[in-house]
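**Student:** model this:
(3 chains)
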Amino acid sequence: MTEKMIKVKINGIEVEVPEGTSILDAAKQACIKIPTLCYHEDLLPTASCGLCIVKIKGMNKKVRACATNAEAGMEITTHDAELYNIRKIVLELILSNHPNECLTCQRNGKCELQTLAKEFGIREQNFAPQLKQKAIDSSTTSLILDRQKCISCGRCVQVCQDMQDVWALEFIGRGFDMNIAPAGDLQLNDSPCVKCGQCSAHCPVGAIVEKDEVDKVWDGLHDETKHAVVQFAPAVRVAFGEGFDYESGEIVTNKIYTLLRQLGFKAVFDTNFSADLTIMEEGAEFVDKFLNNPASLPLITSCCPSWVDYLEKYYPCMIENFSTAKSPQQMLSALAKTYYAEKNGLDPKDIFMVSVMPCTAKKYEISRDENMSASGIQDTDVVITTRELVRMTKSAGVIFDHLKEGKADSLLGEYSGAGTIFGVTGGVMEAAIRSAYYLITKEDLADVDIKPVRGLKGVKEAEIDIKGTKVRVAVAHGLSNVKKVMNKVKKAKENGEEIPWHFIEVMACPGGCIGGGGQPYGVTNTIRKKRTEGIYNDDKKSKARCSHHNPMVQKVYEEFLDHPNSHKAHELLHTSYTHRPVYLK
Amino acid sequence: MSKLTLDDLRKLRGEKVQEYSRRNNEQDNSSIIIGMGTCGIAAGAKDTLNSFVEALDEHGLTNVKVKQTGCMGACNVEPTVEIIVPGMPTIVYGNVNKDIAKKIVLKHIIGKELLDDHIQDKPAMDIIDN
Amino acid sequence: MAYNTFVLICGGTACESSKSDEMYKLLQKEIFDNNLKNEVQIVKTGCFGFCEQGPIIKILPSETFYVKVTPADIKEIVQEHLIKGRPVHRLEYKPSEDQGRVKIEDIEFYQKQFRIVLRNCGIIDPENINEYIAREGYVALEKAIFEMSPEDIINELKISGLRGRGGAGFPTWLKWNLTKQENADQKYVVCNADEGDPGAYMDRSTLEGDPHSVLEAMTICGKTIGANKGFIYIRAEYPLAITRLEIAINQAKELGLLGDNILGSEFSFDIEIRLGAGAFVCGEETALLRSIEGSRGMPTPRPPFPSVKGLWDKPTCINNVETWANIPVILTKGAEWFNKIGTDNSKGTKVFALTGKINNSGLIEVPMGTTLREIIYDIGGGIKDDKKFKAAQSGGPSGGVIPEQYLDTPIDYNNLVAIGSMMGSGGLIVMDEDDCIVDIVKFYLQFTVDESCGKCAPCRIGGKQLLSILEDISCGRGTEQSIKNLKDISIAMNNASLCGLGQTASNPVMSTLKYFEKEYREHIEQKKCSSGKCKSLMTFTIVADKCIGCTACARKCPVNAIIGTVKQVHIIDQSKCIKCGACVTACKFDAVIKG
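**Tutor:** Below is the predicted model:
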């Protein structure tokens, strides 16, 4: 079915666009960028900032380009002296309501308001400052909410309510005093917040930012009594380069290894290794249930800490279906302070474990409960996000793109293609299937690429034929897609029907971890696709494509853990869950 | 009360229009003015008043105003009533009891004829056109 | 037996707050005790409009118009007037002390009024559907269901020329037609009764005094556009109107004039009441619809307009109370009749809430085209205390001022816009020489800033900045840049705000800058406020040669700011003075002056 095309004139230039295109997008066809601030590609237009107003011939009121569709025959003026003047005054008004703290702000250089002020050539501020008086909320482990900087664009509210279905943020109050906060003006930590950080990823300014813990990392690195080690997630390797003008999706893994050593880490591990380990544990868990206890299905993945928090709050009835396997981050940290420490004659207390993640919720995960201290002390000491590592690299003076390619410490650093695809939605499922197939049939899949679980569709389903046995799987990403899946499962269970899926993967962030709350700013579906492509390329060029073929994984079982789900494996690599209240107050 | 059909509504409206039209004094063009001073009341003007009102109602006359006034002066022939009907001379009737009141409505107001034997006062013949 | 006397007592909120309900009950008791209950009917009606003189009691057929009645007067009224036939003269309305009482039809307040919307207010008991029916009520609905097609009805509205009375003046026939044209499985009819302009109570009075006119109109609209569900969104601060509406809806349902199969036809229409929760912005149509849906009352962009995508994304026809009240009359009396009233671009009448420095304040309804001079001086009885007229403000916080040179402008939609104001919902506030323009504009901005929903930057921040600048000006901190900033911010708000609240919030500023820039400059350059309203710019001083040292002012001063002993000239310590003016009142020798 072909789309209906319509012709419109933009600043005198005729363009042809599909019916239903917004004026904002139609203008791009005419090579015109209408200024926007509150608009974000991922979200429905809030239409609040007022910067994108344009003139339409025949209409006496100006309309917002982001929220108005182009119609056949429209004659639109996007830029002229009057519009420039109005937009400039609106911008000046916004600036008068914003603290003048660019130089000390965490978004310095990466702020959409700053960029607009630059592009509009604002040279003076004619309006007296009118600032909101609101305290900073740093109650969670992961995020800092500074409402004085908030420009009320509404992106985070839409993200938290519609995109993530968490409802931790809402507009509170009215008029000038309106601000963004949890219901009842509570602190974030008392709210349903799952720390996914999607709010901070969409915030145009510095109103919601990740807690910057680079200082703690430096402290650990500079402490001569400490043996600093580091791991980084699959999703980091295809996005870190963006901080240094690399294209999204370019794989810079080996340069990161070199960088980390240059920063002073004594050992550089790769979370992809423990991703493989997670598959071993979870794969065994799944196969055991599937073959011996199907009533206990479906099994639900649990490596995403936001998803864990969400399920504990909103779907506690499904706790018994959660895989008890820890996340790759926590598995690696536990092994670092036991297996690695033993092998190198180190006292676990001296090991300083840093984890670089695309994720803000990982900062929360490390102290979630006592399972996260399986080694006897807190397994992971500090988590920093991709963004923090970029800043750290720059302040350390490292010219990243000149670095030579390096290697990880192979003990906890070698990985298979299955490990690396953990970074995308569907990746955990695909990795699990690759190994589950082997566990059940003792053979490898002819084609390990399982396309039906790939892609950006909100809920993906697949039926895998394991030599006659059908295994049904579902993959959801973006927490608002969870209820579609969970409600179907609940209904089937209540009615005593067969469950729709045996194995379910959930990632809180749209796109999976590559679109995580701690990744470089400016994520759109285009960038998600590029980063995803990078991950699958990393998978394709890996020597081993399946977790059970990773020689270092085989080694750790031989030498240390014995076999998946062994007693030791359970002690170190598994966890438990509990029902948490949605609101703490 | 049960739900109305179109005919029910029109019937109801007809009934109520008459009932409440007395409040709408825009359409009045005739007046009955009854002397309600102490002498009038003592002579039974109240009953006269009620009689007029009933008679108007009975005949469905919605454009006749019934007013009260003070003593008109002819205390010996109370109750006195002044009748104003457009197109007719203004007449003051005397000794208007309940029955005369009814007759006035029927003959003077509806029939447009004077009740000669009850006239107390009327304008001089040379002023009006007969 | 039929009643011979009717006692109509005003039951509008204003008169109720002055005990009209108590008086109603007293009347009933007196009538009963004196065996008059079969002769005298007591009717609690809607607003008479002459609010300055309330509580009002009108007695028919003697046509007595009692004003400012108190409960203590009731016994006398019953004894003297109803029983003995002697009207209580001291309570009758007199235009001024030296004039005698006048006939109701000669009361100048009513002379130039023409009541269409308020046709039943002050005449019927709004809690009795039969009275509405008696006065041609539901005749229009009969026509709409049984005699006219939807196209006929729309055509009638088009010929009538009725424009929306909520303030924007959009042609009503067009709105109905656009909604009718949409194909949808569900459509809605909505009444905007969230009247929020300060000082406006036209809609309140209409709903309190004649709720059926709105119900009938909405039902007619449902038949025309193909909707069977209606909502009345009314602000919770109107409890009496809500009660009257509930009673009216129940009575209409009982008689089958609302609900399933109206008048035995195939057409069904139901109306539900939804209450507001204290937000002026919910009078904006998209915010109102979002509020009914249960979301935060914040406007959403238009297009798409409600007629295409409204309540729950369905085509919705939303009109103001006053617009609705006009509909039944247009269908019963005919569009041609309606079209003859008013000017060429504004047909029919407009209800205004006339308030401020005026002798006869109250609710009035005049044909479009009536001049401001007629309203103020003929109907309104002129400026209070014979002060000089300065300006009239129309359109509430969205409107502008009309200065003296435009007093003879015929009031209609286009003329008011042309001079920088707008019709708005009908608030009309009269100002005299003692009013300070800066102060008035500050008052409007305080309101707008308080009521802004906060969603869009131009209104949220711009409004606050405008208010801040006005506060500076009224406190003597204004500069040349202040005026430039006021103009710039107004341009931004006017063009880039998301909804009408923000787009028009700067109208009072722009309008007053156009006609009264001198007053602004006086505040800025001379740090002076001629009308004496801006306290910070006032200085109270004691004229030495008039002061005899009686100490009266010093004793009255609440902050001990006046220094002086007996028989000595007193001095005011400006650093302590709070500018309350008590000294001016205390001084018997005119020695304290304010300037």
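**Student:** confidence score at residue C:177?
**Tutor:** On pLDDT, residue C:177 comes in at 97.
**Student:** Quick one: low-confidence residue ranges for the chain.
**Tutor:** Answering for chain A, as no chain was given. A:1 (pLDDT under 70).
**Student:** could you do chain C instead?
**Tutor:** C:1.
**Student:** which bits of it sit near chain A?
**Tutor:** Contact residues (Cβ under 8 Å from any Cβ of the partner chain) of chain C with chain A: C:279, C:296, C:298, C:300-301, C:303, C:449-458, C:460-465, C:468, C:481, C:484-485, C:488-489, C:491-492, C:495-498, C:503. For every residue, glycine as well, the C-beta is placed using N, CA and C.
**Student:** Show the buried residues in these.
**Tutor:** Using 16 or more other Cβ atoms under 10 Å in any protein chain shown as the burial test, the residues of chain C next to chain A include C:279, C:296, C:298, C:300-301, C:449, C:451-458, C:460-465, C:468, C:485, C:488-489, C:491-492, C:495-498, C:503 as buried.
**Student:** Can you tell me which of the residues you listed end up in helices?
**Tutor:** Among those, the members found in helices (DSSP state H) are C:449, C:451, C:457-458, C:460-465, C:468, C:485, C:488-489, C:491-492, C:495-496, C:503.
**Student:** Who are the contact partners of the residue nearest to residue A:52 when sequence neighbours are not counted?
**Tutor:** The spatially closest residue to residue A:52, leaving aside those adjacent along the chain, is residue A:65, at 4.2 Å (Cβ to Cβ, 6 or more residues apart in numbering or on different chains). Shown in contact with residue A:65 (Cβ atoms under 8 Å, 6 or more residues apart in numbering or on different chains): A:22-24, A:27, A:34, A:36, A:52-54, A:78.
**Student:** out of the residues you listed, which is most surrounded?
**Tutor:** The residue in those with the most neighbours, by other Cβ atoms under 10 Å in any protein chain shown, is residue A:52 (28 neighbours).
**Student:** Look up phi and psi at that residue.
**Tutor:** Backbone torsions of residue A:52, given as degrees, to the nearest 10, read phi -90, psi 20.
**Student:** and the longest helix for chain B?
**Tutor:** Longest helix in chain B, counting by DSSP H: helix B:6-21.
**Student:** Return the set of buried residues in that helix.
**Tutor:** Buried residues in helix B:6-21, counted by 16+ other Cβ under 10 Å: B:8-9, B:12-13, B:16-17, B:19-21.
**Student:** Over to stretch C:554-571?
**Tutor:** Quick answer for stretch C:554-571 (16+ other Cβ under 10 Å): C:554, C:557, C:561-562, C:564, C:569-570.
**Student:** And for whichever residue of the stretch 401-550 of chain A sits closest to chain C, the neighbour number?
**Tutor:** The minimum distance from the stretch 401-550 of chain A to chain C, using Cβ to the nearest Cβ, falls at residue A:480 (16.9 Å). Counted with other Cβ under 10 Å, the neighbours of residue A:480 add up to 17.
**Student:** can you check residue A:100 too?
**Tutor:** Using other Cβ under 10 Å, residue A:100 has 11 neighbouring residues.
**Student:** same deal with residue C:370?
**Tutor:** Neighbour count for residue C:370, taken as other Cβ under 10 Å: 24.
**Student:** Does it touch residue C:409 like I think?
**Tutor:** No. Applying Cβ atoms under 8 Å as the test, residue C:370 and residue C:409 come out as separate, 10.3 Å apart.
**Student:** and residue 47, what is it in contact with?
**Tutor:** Let's take chain A. Residue A:47 touches A:38, A:64, A:66-67, C:300-301, C:456, C:498, counting by Cβ under 8 Å, 6+ apart.
**Student:** that's the wrong chain, I wanted chain B
**Tutor:** B:97-98.
**Student:** Helix, strand, or coil at it?
**Tutor:** helix (DSSP: H, G, I helix; E, B strand; the rest coil).
**Student:** Can you give me the distance of the residue of chain B found nearest chain C to residue C:251?
**Tutor:** Residue nearest to chain C within chain B: residue B:3 (2.8 Å; Cβ to the nearest Cβ). As for residue B:3, its distance to residue C:251 is 12 Å (criterion: Cβ to Cβ, to the nearest Å).
**Student:** again with residue A:374
**Tutor:** Distance from residue A:374 to residue C:251, by Cβ to Cβ: 74 Å.
**Student:** Now do the same contact list for the closest residue in space to residue A:196 that isn't next to it in sequence.
**Tutor:** Of all residues not flanking residue A:196 in the chain, residue A:306 sits nearest, at 3.9 Å (Cβ to Cβ, 6+ apart). By Cβ under 8 Å, 6+ apart, the residues touching residue A:306 are A:194-196, A:359, A:361, A:479, A:508-509.
**Student:** one more time with 6 Å, if that's ok
**Tutor:** When contacts are counted by Cβ atoms under 6 Å, 6 or more residues apart in numbering or on different chains, residue A:306 touches A:194, A:196, A:361, A:508.
**Student:** Hmm, residue A:195 and the third one touching each other?
**Tutor:** Yes. Using Cβ atoms under 6 Å, residue A:361 is in contact with residue A:195, at 4.1 Å.
**Student:** just the helices in chain B please.
**Tutor:** All helices of chain B, identified by DSSP H, fall at B:6-21, B:38-42, B:45-58, B:98-103.
**Student:** Dead centre of chain B: give me the residue that sits there.
**Tutor:** residue B:32 (3.9 Å; Cα atoms, centre = their mean).
**Student:** Could you look up the SS state of the residue most central in space within chain C?
**Tutor:** With distances taken as Cα atoms, centre = their mean, chain C has residue C:200 as the residue nearest its mean C-alpha position (2.1 Å). When classified by three-state DSSP, residue C:200 comes out as coil.
**Student:** and it, how far is that from residue C:307?
**Tutor:** Taking Cβ to Cβ, one finds residue C:200 at 25 Å from residue C:307.
**Student:** Tell me where the stretch 251-400 of chain C has strands.
**Tutor:** C:270-275, C:316-320, C:349-356, C:362-367, C:389-394 (DSSP state E, counting those that start in this stretch).
**Student:** looking at the ones you listed, which is closest to chain B?
**Tutor:** Per Cβ to the nearest Cβ, nearest to chain B of these: strand C:270-275, 14.1 Å.
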